[in-house]
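Asker: no letters, just coordinates:
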């Protein structure tokens, strides 16, 4: 049901928020994560296999939990954004926003006229409780929506002050893997040039007044990031939790019976 965006309220109070990726397209996993106490989840439609119909099932599972539901869309596509918003997501994460023009287009896709260009069907869509709160949704959904732009290229780092200044952009989320890849050093976080690029992105976001979001990497722990000023931190995901638990149990079993197992060995 249409509700106050608890994540926006938490961020407005200056409090860090912990998030979890949902890549399995599993309503059960989504419900477990939501009930576990995460402040927000990101339904990942950039890298995850889920369809919009799968996303609807996840939103329904999450509706009984306090977690705020964000969707990372595949691209800066106004049609996909419109459908995601109509389903009832409480925020949109846009991958790889590298210019002020792209940021403006992202914001425009999220809002009804005259502020934006989002198509209107608030008389029937799930986001407006299937029309039961249509006009209230029309008038207040923009204020409850969180728009997050990902910084994932060297060009985007240079454009951070302008991107952050676009009205409606509230959070900038550094994708460290793609950012390092944009200078040909994918995942090389010990490299001085990569470290400098991450530092520049961090300083620019914190200086812009936008909410700073990112994920931990081997050179920057969850605790380090929070201490440095990150307020949207994605520290894990459903795939990783299942993988880690499975690997740990298999390793413990092999050790108990005196066997050595290779990666993925059954």
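Answerer: Cool, got the structure. Keep in mind that what you see is a predicted model, and the values were worked out from it rather than measured.
Asker: relative to residue 230, how far out is the residue nearest to residue 91 when sequence neighbours are not counted?
Answerer: In space, and not counting its chain neighbours, residue 91 is closest to residue 146: 3.4 Å by Cβ to Cβ, 6 or more residues apart in numbering. Glycine gets a C-beta too; all of them are placed from N, C-alpha and C. Distance check for residue 146 against residue 230: by Cβ to Cβ, to the nearest Å, it reads 16 Å.
Asker: now residue 135
Answerer: Distance of residue 135 to residue 230, computed by Cβ to Cβ: 37 Å.
Asker: residue 146 and residue 230: which is more packed in?
Answerer: residue 230 (25 against 21; other Cβ atoms under 10 Å).
Asker: for the more buried one, give its distance to residue 28.
Answerer: Here the criterion is Cβ to Cβ. By it, residue 230 lies 29 Å from residue 28.
Asker: what sits against the residue nearest to residue 91?
Answerer: 5, 7, 8, 11, 68, 70, 90, 91, 92, 170, 171 (Cβ atoms under 8 Å, 6 or more residues apart in numbering).
Asker: ok, residue 234 next?
Answerer: 19, 20, 21, 42, 213, 214, 215 are the contacts of residue 234 under Cβ under 8 Å, 6+ apart.
Asker: strands - which of those residues land there?
Answerer: The strands, defined by DSSP state E, take in 19, 20, 21, 42, 213, 214 from the contacts of residue 234.
Asker: any chance of the residues you listed in CSV, plus neighbour count and pLDDT?
Answerer: Listed next are those as CSV, based on neighbours: other Cβ atoms under 10 Å; pLDDT from 0 to 100:
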residue, neighbour count, pLDDT
19, 25, 98
20, 25, 98
21, 22, 98
42, 25, 98
213, 26, 98
214, 25, 98
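Asker: how about those residues in CSV, adding distance to residue 129?
Answerer: CSV is the format used below for the ones in strands among the contacts of residue 234 (distance: Cβ to Cβ, whole Å):
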residue, distance to residue 129
19, 25
20, 26
21, 27
42, 23
213, 29
214, 34
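Asker: what distance do you get for the residue nearest to residue 156 when sequence neighbours are not counted to residue 85?
Answerer: If the residues on either side of it in the chain are set aside, residue 156 comes closest to residue 98, at 4.1 Å by Cβ to Cβ, 6+ apart. With distances taken as Cβ to Cβ, residue 98 is found 23 Å from residue 85.
Asker: ok, the two, which is more surrounded?
Answerer: More crowded of residue 98 and residue 85, by other Cβ under 10 Å: residue 85, with 26 against 20.
Asker: by contact count, what packs against the helix or strand where that one lies?
Answerer: Counting by DSSP states H and E, the element that carries residue 85 is helix 78-87. Counting contacts by 3 or more Cβ pairs under 8 Å, 6 or more residues apart in numbering; DSSP states H and E, helix 78-87 packs against helix 52-62, strand 91-94, helix 100-110.
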